[in-house]
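> sequence first, then the predicted structure, then my questions.
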Amino acid sequence: MTAQTPETIAYQNALDVIAKAEPTVAACIKGELENQRSQLKLIASENYASPATLLAMGNWFSDKYAEGIPGHRFYAGCEYVDQVETLAANHAQELFGADYAYVQPHSGIDANLVAFWAILAQRVEAPFLAEQQVKHVNDLSEADWATLRASFGNQKMIGMSLDSGGHLTHGFRPNISGKLFDQRSYGVDPATEILDYAAVRQLAKEFKPDVVVAGYSAYPRKVNFSIMREIADEIGATLMVDMAHFAGLVAGKVFTGDFDPIANAHIVTSTTHKSLRGPRGGIILSNDENLQPFIDKGCPMVLGGPLANVMAAKAVALSEAKQPEFSTYAHQIVANAKALADGLKSRGARLVSDGTDNHIVLVDVTPFGLSGRQAELALQDAGVIVNRNSIPNDPNGAWYTSGVRLGTPALTTLGLKEADMTEVADIIASVLKAATSNTTNAGKASKAKYSLGNDVIDLGRKRSADLLSNYPLYPEVTLG
Ligand SMILES: Cc1ncc(COP(=O)(O)O)c(C=O)c1O
């Protein structure tokens, strides 16, 4: 019998303990691992965190309340929470070259909300309090408080349009950010499908937003944040970059100089669980010392007690990202995305913007006669997990869409390289070429129903499984 690894012992024992309390949960945790091991994961926002990062989340730090900031808590007994929060913030500062890091947000949306309210506190609340010659909102009269509350709702923002790759939290109506800010979108040049900076500048000059948001979740190109800062400075706006998707590429020094958000923006938000390969969570970075004190008030402004267990896991993941291997990993993510893009193009696919310079490849599936929904489901049949996504000026709307978004962070974590990505491109192209749209009762092409031969499904599954067998997920973990 071979000796068991520490990871196998840790997880096997943990599952035994969980199973004693609720066996279905233990079975589902195991099932999830089997599922993830059997699929080619090309979801651009997902990754595989290290066992150390995952284990740091599952412990008694979860039991502790620690509202406030290190050294200034509203609860006693926070010395170890203080240590992990400070450590995570220090790692983040060093990794990203930032003067300041706030590691409490529970997710990307929380990080954005803290950032928006920090900006509003700086731009709207603080000047109003000074004008009224009071220090705290509790010192305002009812009438002045009503005036301040109304003025929060009069602020303006610009962000990238959803079909150009922007995110709902950048001022869109279904999200709280759109209910808070009066928002206008900027987009891509219709011919090149690349961000049109001249149009952003023109919109900024005409609309005069208080906040310029840059960042995306489905834009396959890099963004010049130096130009975005120039535009923000020209109108006295605050530049906020949401680097949730590409934080790993910033950490790994793929995006530097004009493309480095921390060096160029007033405030940068991120998730920690996408290309950065950490636990599910958010962070905020800023080199603007005037804004930092307002970000520090994330609790109680937006957040309650921080998740100390997740901050501990952030510290682990950020220290991993400081290692030289992480930079190699980040560069490989982009090399793999380029190989995937080239492989798809040479097999007849049309890519939004004709390629990529980050971790995302956005495929227009309409030339295959499919909607994004059909393409997503057909690929899933063949063991390839992607998500459907709008493309610029999408004729199929936000539900069915006309594209699929592919991302390389997860497969790159497994160790796949450029030649493997060519095989992935071939599997994807073979499925998209073979799938056909069904016809509705009214005689129109369906946007949801499709047909795909079992031979194509079986071959796709076999090829996906063969590829994955060379790159096992969590090879150090063997569950009985
Ligand atoms: C650009 C961007 N910002 C924010 C978020 C929200 O992150 P979370 O799901 O952690 O709230 C996402 C998630 O998809 C994103 O892509």
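Perfect, thanks for sending it.

> which residues touch D420?
N336, L411, L467, N470, Y471 (Cβ atoms under 8 Å, 6 or more residues apart in numbering). Every C-beta, even on glycine, is put in place using the N, C-alpha and C of the backbone.

> next, count neighbours for the residue of the stretch 101-250 of the chain found nearest the ligand.
In the stretch 101-250 of the chain, the residue that lies nearest the ligand is G108 (2.3 Å; Cβ to the nearest ligand atom). By other Cβ atoms under 10 Å, the residues close to G108 number 27.

> from K314, how far out is whichever residue of the stretch 251-400 of the chain sits closest to the ligand?
Using Cβ to the nearest ligand atom, the closest approach of the stretch 251-400 of the chain to the ligand is made by T271 at 4.5 Å. Distance from T271 to K314, counting by Cβ to Cβ, to the nearest Å: 11 Å.

> how close does N309 get to S275?
Counting by Cβ to Cβ - N309 and S275 are separated by 22 Å.

> what do you get for V352?
The value you get for V352 to S275, if Cβ to Cβ is used, is 19 Å.

> repeat that for L239.
In terms of Cβ to Cβ, L239 sits 21 Å off from S275.

> what's the answer for T439, then?
40 Å.

> of those two, who's got more company?
Neighbours of T439 and S275, each counted by other Cβ under 10 Å, are more numerous for S275; the result is 36 against 11.

> neighbours around the residue lying closest to the more buried one once chain neighbours are set aside, how many?
Nearest residue to S275, sequence neighbours excluded (Cβ to Cβ, 6 or more residues apart in numbering): G248, at 2.9 Å. G248: 29 surrounding residues under other Cβ under 10 Å.

> who are the packing partners of the helix or strand encompassing G248?
Using DSSP states H and E, G248 sits in helix 247-251. Judged by 3 or more Cβ pairs under 8 Å, 6 or more residues apart in numbering; DSSP states H and E, helix 247-251 is in contact with helix 79-96, helix 324-345.

> just confirm L379 contacts V386, I think it does.
Yes. L379 is in contact with V386 according to Cβ atoms under 8 Å; the separation is 5.4 Å.

> which neighbours do these two have in common?
Contacts common to L379 and V386, judged by Cβ under 8 Å, 6+ apart, are V404.

> first to last residue in stretch 138-146, what's the distance?
Stretch 138-146 has its terminal residues 12 Å apart, counting by Cα to Cα, to the nearest Å.

> just give me how far that stretch sits from the chain centre.
Here stretch 138-146 is found 38 Å from its chain centre; the criterion is Cα atoms, centre = their mean, to the nearest Å.

> and stretch 241-255, by the same measure?
Worked out by Cα atoms, centre = their mean, stretch 241-255 lies 10 Å from the chain centre.

> next one: stretch 439-458
Per Cα atoms, centre = their mean, the centroid offset for stretch 439-458 relative to its chain is 32 Å.

> what do you get for stretch 125-144?
With Cα atoms, centre = their mean, you get 36 Å for stretch 125-144.

> need the residues that contact it.
W145, T147, L148, S151, F152, F294.

> 7 Å instead?
W145, L148 (Cβ atoms under 7 Å, 6 or more residues apart in numbering).

> how far does that stretch stretch from one end to the other?
Stretch 125-144: ends 11 Å apart by Cα to Cα.

> now the stretch 201-350 of the chain, which segments are flagged as low pLDDT?
Counting by pLDDT under 70, the stretch 201-350 of the chain shows no low-confidence range.

> the ligand contacts on that one?
G215, S217, D242, A244, H245, T271 (Cβ under 6 Å from any ligand atom).

> for the residues you listed, give me CSV that also has neighbour count.
Below are those laid out as CSV (neighbours: other Cβ atoms under 10 Å):
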residue, neighbour count
G215, 28
S217, 24
D242, 30
A244, 27
H245, 27
T271, 26
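
> how long is stretch 257-266 end to end?
Stretch 257-266: ends 15 Å apart by Cα to Cα.

> what residues of it count as buried?
The neighbour-count check on stretch 257-266 (16 or more other Cβ atoms under 10 Å) flags F259, D260, P261, I262, A263, N264, A265, H266 as buried.

> what's L362 in contact with, if anything?
Contacts of L362 (Cβ under 7 Å, 6+ apart): A218, P220, L351, V352, N389, I391, G403, R405.

> ok, for it, nearest residue in space, not its chain neighbours?
V352 (4.0 Å).

> and that neighbour, how many neighbours?
V352: 27 neighbours (other Cβ under 10 Å).

> and the longest strand seen in the chain, average pLDDT?
Of all the segments of type strand in the chain, defined by DSSP state E, the longest one is strand 445-451. When pLDDT is averaged along strand 445-451, the result is 94.

> same thing with stretch 102-117?
On average, stretch 102-117 scores 98.

> show me where the stretch 101-250 of the chain has its strands.
156-160, 182-186, 211-215, 238-242 (DSSP state E, counting those that start in this stretch).

> a markdown table for those, including distance to Q323?
As requested, the strands of the stretch 101-250 of the chain are exported to a markdown table (distance: least, Cβ to Cβ, whole Å):
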| stretch | distance to Q323 |
| --- | --- |
| strand 156-160 | 32 |
| strand 182-186 | 37 |
| strand 211-215 | 26 |
| strand 238-242 | 25 |
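
> which of these sits most buried?
strand 211-215 (a mean of 28; mean count of other Cβ atoms under 10 Å).

> could you pull out the helices for the stretch 351-480 of the chain?
Remark: helices assigned in the stretch 351-480 of the chain by DSSP state H, counting those that start in this stretch are 372-381, 397-400, 409-414, 418-434, 454-469.

> just give me how far the shortest one sits from the chain centre.
Same thing as helix 397-400. 20 Å.

> give me the contacts around it.
With Cβ under 7 Å, 6+ apart, helix 397-400 has contacts from L162, S371, G372, R373, S390, K447, A448.

> can you mark which positions in it are buried?
Y400.
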